[in-house]
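> pasting the sequence and the predicted coordinates here, then a few questions.
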Amino acid sequence: MRHTLAFTALLLASVATGAQAQQNNQLATRQDKTQATPRLNPVVAERADRLSDQMVRQLRLNGYQASRLRSINEDKVAKMAAIEQKHAGNSKLIDEQCQGVCKERDRELQAVLSTDQYSNYYGSRASFYKYDRDYAATATNARFVNSVQSPAPASSKGAVLAPSAETPRTTPASTRARGR
């Protein structure tokens, strides 16, 4: 009986330790917020990078501020792109919802920027928004024109569709039709 209780206690302790190790491993693998998120498609990532580059130059940010700004912009541009896609054609609704996303960015940047930088950013928000929207519109138009002028191949693996170089083979049905 004593051996059974000791064995049960040992088993419970090992299960608890294993569960705690697994939980700690999950916590350790969380992504660093300053790194690019894998969920962004290349178009959204390019749009966020372009806006971030403009803001870093104009606001004269240091390395830490620039990396935080890039992380914030990736998130906000992804949200705005989703809004634009969801409500395509309804520019009033897009503007209203995107302004809400921009207010989120304002709050987050207030913790990252110095008082002078934030003041400069706050005064330039409309120009940053216009800069981003203009780029989004031209990038969308350019992708559409390119897709019409140079359509992608039927296979996504880069295969090219072309006539076969082989000569047609005769089948038993066609041989019977000719009378052998």
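That came through fine.

> mind checking the longest helix of the chain?
In the chain, taking DSSP state H as the definition, the longest helix is helix 115-149.

> other SSEs contacting that helix?
Here helix 115-149 is seen to pack against helix 42-59, helix 63-86, helix 91-110 when contacts are counted using 3 or more C-beta pairs under 8 Å, 6 or more residues apart in numbering; DSSP states H and E. Backbone N, C-alpha and C define where each C-beta goes, glycine included.

> buried residues in it, which are they?
Judged by neighbour count (16 or more other C-beta atoms under 10 Å), helix 115-149 contains these buried residues: 117, 118, 121, 128, 129, 131, 132, 133, 136.

> that older thread, I'd like the helices and strands packed on helix 115-149 laid out as JSON lines, including mean pLDDT and mean neighbour count.
Written out in JSON lines, the entries for those read as follows (pLDDT from 0 to 100; neighbours: other C-beta atoms under 10 Å):
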{"stretch": "helix 42-59", "mean pLDDT": "93", "mean neighbour count": "17"}
{"stretch": "helix 63-86", "mean pLDDT": "94", "mean neighbour count": "18"}
{"stretch": "helix 91-110", "mean pLDDT": "93", "mean neighbour count": "14"}
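
> can you give me the angle the longest helix of the chain makes with helix 91-110?
Helix 115-149 and helix 91-110 meet at an angle of 140 degrees, taking axes from the mean of the first three to the mean of the last three C-alpha atoms, to 10 degrees as the criterion.

> helix 115-149 to helix 63-86, inter-axis angle?
Between helix 115-149 and helix 63-86, the angle comes out at 40 degrees (the same axes, to 10 degrees).

> let me know the secondary structure of residue 88.
coil (DSSP: H, G, I helix; E, B strand; the rest coil).

> what sits against it?
Residue 88 sits next to no residue when contact means C-beta atoms under 8 Å, 6 or more residues apart in numbering.

> so how far is residue 121 from it?
Remark: distance between residue 88 and residue 121 (C-beta to C-beta, to the nearest Å) = 29 Å.

> ditto for residue 81
To residue 121, residue 81 is 21 Å away according to C-beta to C-beta.

> again with residue 133
When distances are taken as C-beta to C-beta, residue 133 and residue 121 turn out to be 17 Å apart.

> what of residue 84?
Taking C-beta to C-beta as the criterion, residue 84 is separated from residue 121 by 23 Å.

> please consider this matter closed, and thank you.
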